[in-house]
Structures are given as structure tokens and as C-alpha cells.
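A.B. asks: below is the sequence, then the predicted model.
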Amino acid sequence: MENSAVHRAHDPERLYLGLRAAVRFIIWTLNNFYCIPVHFCWLLVLQPLKLFSPDTYWLIESILFRWLLSMVALWSYSAGYHVVELGDDVWDLLHERTLVLFNHQSTSDVPLIMAAFNSRQGLSSNIMWIMDHVFKLTNFGVVSWTHGDFFIHGGKDHRDASLLELGHHLNQFYIPRNRKWLVLFPEGGFLRNRKPGSQRYALKNNLPVLHNVALPRVGALKVIMDNAAADSHDDGTDRIKYLIDVTVAYPGGRPLDLQTVFGGWRPSCDTIFHYRKFNIEEIPREEETLKNWLYTRYEEKEVILQEYYDTGSFPDVHTPHEPNFQPENVRRLTGARVVHDPLEFILRHCFFISSTYIWLSILYLLYKTLFQLFW
């Protein structure tokens, strides 16, 4: 009797969550349908500007790109999936060339990163992402491609060629177009996919067996250090001066996923972004030494994530004592949630909805004119 009473008590809650998820799926699916086509319509109109005034074109494109990313940020924010920031205060680097490394756990990582970045004025439009090539096949992947993000191929068959393409892309796009932050996922895939192979590799090569992160790959980081880091060239070009190592920690070690972010059926929760700031000059350039440096960072992530999962409290992790980043010179974040301005979300929805009406009206008039001409 007690069990049946408990089930009946939970039925209304399950019904509510199911209806809420269905409504959210409909809303965000429609959101994709009216935002992304509008984005490309405006870019199509701006193509002549790209030829005659490329700087103006890329400025407008970056604004439209940020507005589109704010729609993605709203997916998680509206469901109560918040980002809490800890560690070094890195927000004085908004206008500095900076490499940002994230451990990669699930499909919800990118929406949450976009939510954190979108809260900072002028940042999300000024980033170049390095992502797995599979993402290019999605609707938002096409948007990223037109924005100039780079899609890297994993696997032995494509790795060397893809790394050469990355070096070319950095020199032909990232540096000339003055993008500031460069985002990289060194593990090369989601934790659930990479962990078995990572652990086999660790056992074979007498390395620590990691459970909360995967051993990172150093190839892309080495290309970035060789092609875009400060002091690797003497041509006076503005190059990467800082590195931010971000540890993403989901409560209880249970990552969200894109379906959950869409549907919002899990309870509200806080995902921790812990930042550590490094001067790029302190990071080794030689490949083996660089690999060891990167492995050390991920061994540290393993320890602090395990402590967080075991205790529910995120340990206080300080940046190492380095010449330019002594603890007294580094401001610390207080663990506050990332907050967004609801008015910005409303205004951007109004822009995309009104733009959809404009473009549909244009298409209807064009269809009507052609019909009258030929039929």
C-alpha cells in the first residue's frame, strides 16, 4: 500500500516534468528554426560588404554570432542549470589573446561554456573554437564554420593532416582577424568515449590511470604554441600571452547532456567552472616537456574532481607560484553564479522573430511575383 501511495504522489510530478520537457523541446526546436536561417539570411545580404569592407563585415558578423549564442545560453539558464565560477579571476583577460583549455565531459559542456562566455560583453563574439569535425555536421556547426571556427579530425589517419590545417588556420584566420580567446578541448572527445582508451594507454605506458578525466592529447596544443603563442615569432604580431586551464565539475560527477538541457527534466543544479591562469611564457615549448606539463594539469584535475565528488565541496586550488602570477597578484572568484540580463534575451528574441517575419514576407512577395510572371 505504501509503495502504491508513493507512486501516486510522484505521478503529478512526473506528469509536470514530462509536459515541461515537451513544451521546452517544442520551444527550442522552433528557436533553432527561426534563429539560424535568419542568421544566414543577414550574412547573405552582407556578402558585398565582405568584399569591400571585410573589417566591417566581420564586426557585424561577430555581433550576430553573439546574439545567436545567447539563444544557446538561454537553453540551460532557463532550466536552472547554472554555472558557478571559482579560482582565478580571469575576466581581466577579455581583450587579451588567450588560450582556454577545458576538460570535456558531455554534450552539455558547450552550451554551458557559451552561457558563461555570453555573460561577458564582447567575449563570445571574439572567440575561435577548435571542435571535433563531427560537430560541423550539426545545424550550429554550419554557423561555427561561417564564423571561422576550426574542426579538427581525430584518429591516426587524419591527425597529422588536420594538425597542419590547424596551423594554417591560425595564421590565416585567428591572427589576422584579431580573435582573442581560443578554445580547445585537449582530451579530444567526451569522457565516456575517451576513458577506456585513455586508461589502456595509461596502463601500457606506466602513466596514472585517470577516472574523472581522460589523458589529454598534446598535438593541437603544440601547434598552437608553435604558431600563435607569444615569443614563438618576432614579427611584432599580437599573439597568445596567457593560458586559462578550466576544470568543469558537474554535481555528483553526473554530467548533464544536450537532451537534458533541452528538456530540463533534471532538477536545477550548479556546474562549477574552476579557472587557473598561466603566463604563456611559463609553459614549455618542447613537445615532450609540454606533454608532461599538460599531463600534470590533468592529474591535478583528477584529484580535485574526486575530492569534489566525494565530499560535495570543491577544494581551494591555487595557481602555482610563477613569476608573473604570485597569489597576492591574482584576484580570486567568489563562487557566484553567472548571471544574465533577461532584457537582452527578450530583445534578441524580438530581433530574430521580427527578422523571420521580414524574410518570410520577402520570400512570399518574390514567390508571388514569379508566379504572376510565369503562370
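C.D. replies: Alright, I've got the coordinates.

A.B. asks: residue boundaries of the strands in this protein?
C.D. replies: With DSSP state E, the ranges of strands along the chain come out as 81-88, 98-102, 127-132, 150-152, 181-184, 242-249, 269-279, 332-337.

A.B. asks: which of those strands has the lowest average pLDDT?
C.D. replies: Lowest mean pLDDT of the strands of the chain: strand 332-337, a mean of 81.

A.B. asks: check contacts around residue 149.
C.D. replies: 128, 129, 130, 131 (CB atoms under 8 Å, 6 or more residues apart in numbering). For glycine as for every other residue, the C-beta is placed from the backbone atoms N, C-alpha and C.

A.B. asks: what is the nearest of the residues you listed to residue 220?
C.D. replies: Using CB to CB, residue 130 comes nearest to residue 220 of these, at 6.2 Å.

A.B. asks: residue contacts, that closest one?
C.D. replies: 149, 150, 152, 166, 182, 183, 184, 185, 220.

A.B. asks: ok, it to residue 354 distance?
C.D. replies: 34 Å (CB to CB, to the nearest Å).

A.B. asks: check residue 14 too.
C.D. replies: Separation of residue 14 from residue 354 (CB to CB): 38 Å.

A.B. asks: in a markdown table, list the strands of the chain along with distance to residue 111.
C.D. replies: Below are these laid out as a markdown table (distance: least, CB to CB, whole Å):
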| stretch | distance to residue 111 |
| --- | --- |
| strand 81-88 | 9 |
| strand 98-102 | 13 |
| strand 127-132 | 13 |
| strand 150-152 | 18 |
| strand 181-184 | 13 |
| strand 242-249 | 12 |
| strand 269-279 | 10 |
| strand 332-337 | 16 |
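
A.B. asks: out of these, which comes closest to residue 225?
C.D. replies: Of all the strands of the chain, strand 98-102 comes closest under CB to CB, at 8.5 Å.

A.B. asks: can you tell me what sits against the closest one?
C.D. replies: Applying CB under 8 Å, 6+ apart, the external contacts of strand 98-102 come out as 90, 109, 113, 180-186, 221, 224, 228-229, 240-246, 248, 280, 297.

A.B. asks: if we use 6 Å, what do you get?
C.D. replies: 181-186, 240, 242-246, 248 (CB atoms under 6 Å, 6 or more residues apart in numbering).

A.B. asks: before we move on, what about stretch 119-127?
C.D. replies: 62, 65-66, 69, 94, 117-118, 179-181, 183, 338, 340.

A.B. asks: just the buried residues of those residues.
C.D. replies: Listed as buried from those are 62, 65, 66, 69, 117, 118, 179, 180, 181, 183, 338, 340; burial here means 16 or more other CB atoms under 10 Å.

A.B. asks: farthest pair in those?
C.D. replies: 179 and 340 (23.0 Å).

A.B. asks: from residue 59, how far out is the closest residue to residue 60 other than its chain neighbours?
C.D. replies: Computed as CB to CB, 6 or more residues apart in numbering, the closest residue to residue 60 that is not its neighbour in sequence is residue 46, at 6.1 Å. Using CB to CB, residue 46 is found at 10 Å from residue 59.

A.B. asks: ok, those two, which is more surrounded?
C.D. replies: Shown here are residue 46 and residue 59; by other CB atoms under 10 Å, residue 46 has more neighbours (16 against 12).

A.B. asks: what's the pLDDT at the more buried one?
C.D. replies: 94.

A.B. asks: so who does residue 264 touch?
C.D. replies: Applying CB under 6 Å, 6+ apart, we find residue 264 in contact with 24, 79.

A.B. asks: do you know how far it is from residue 23?
C.D. replies: Distance check for residue 264 against residue 23: by CB to CB, it reads 9 Å.

A.B. asks: what about residue 267, how many neighbours?
C.D. replies: Residue 267 has 10 nearby residues by other CB under 10 Å.

A.B. asks: and it, its phi and psi?
C.D. replies: phi -60, psi 160 (degrees, to the nearest 10).

A.B. asks: when you give positions from now on, start the count at 26
C.D. replies: That works, and once the first residue is 26, the last one we named lands at residue 292.

A.B. asks: that one and residue 360, how far apart?
C.D. replies: For residue 292, the distance to residue 360 - CB to CB - is 20 Å.

A.B. asks: contact partners for residue 265?
C.D. replies: Here residue 265 is in contact with 122, 124, 253, 254, 305 (CB under 6 Å, 6+ apart).

A.B. asks: one more: residue 166?
C.D. replies: Applying CB under 6 Å, 6+ apart, the residues near residue 166 are residue 160.

A.B. asks: let's go with 8 Å and repeat that
C.D. replies: 156, 160, 176.

A.B. asks: residue 320 too?
C.D. replies: 232, 240, 241.

A.B. asks: is it true that residue 202 touches residue 172?
C.D. replies: No. The pair formed by residue 202 and residue 172 falls short of the contact definition of CB atoms under 8 Å, at 10.1 Å.
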